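Asker: could you look at this predicted model? Sequence included:
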Amino acid sequence: MEFTFRGEKHVALAGTTINVPANAPHHFRNASGAPVRMLCMCTPAGQDEYFLRIGDVIDGKDAPAPELSAKDLAERRRRAAELASTYRTEFL
């Protein structure tokens, strides 16, 4: 995974821990082309609800990622933008 925050790019390999400082604009992406798993811990509590409302719950850690059509992806992006202010999230 590639993480960028405060203008610096970081590559996280398996087993790596990344700490994104509070209120730091950031983004991440899977640059490998292979499936990856990421454990995201957010504090204070509440941001997890945002992700539950815009994402998809899967059956377990070995479950495949959902296959999303362009329409499905657009709907999730719309929902993320609509709910952002409720969860103190800002898209830059």
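Answerer: Here it is on my side, so go on. Numbering: from 1, shown residues only.
Asker: tell me how far the lengthiest helix in the chain is from the chain's mean position?
Answerer: As assigned by DSSP state H, the longest helix anywhere in the chain is helix 70-83. When C-alpha coordinates are averaged (C-alpha atoms, centre = their mean, to the nearest Å), helix 70-83 and its chain have centres 13 Å apart.
Asker: what packs against that helix?
Answerer: helix 47-54 (3 or more C-beta pairs under 8 Å, 6 or more residues apart in numbering; DSSP states H and E). Backbone N, C-alpha and C define where each C-beta goes, glycine included.
Asker: mind listing what's buried along the helix it packs on?
Answerer: 50, 54 (16 or more other C-beta atoms under 10 Å).
Asker: any idea of the mean pLDDT in it?
Answerer: Averaged across helix 47-54, the pLDDT comes to 90.
Asker: starting at the chain centroid, how far to that helix?
Answerer: 10 Å.
Asker: now stretch 54-65
Answerer: The answer for stretch 54-65 is 13 Å, by C-alpha atoms, centre = their mean.
Asker: residue most distant from the centroid, this protein?
Answerer: residue 71 (19.1 Å; C-alpha atoms, centre = their mean).
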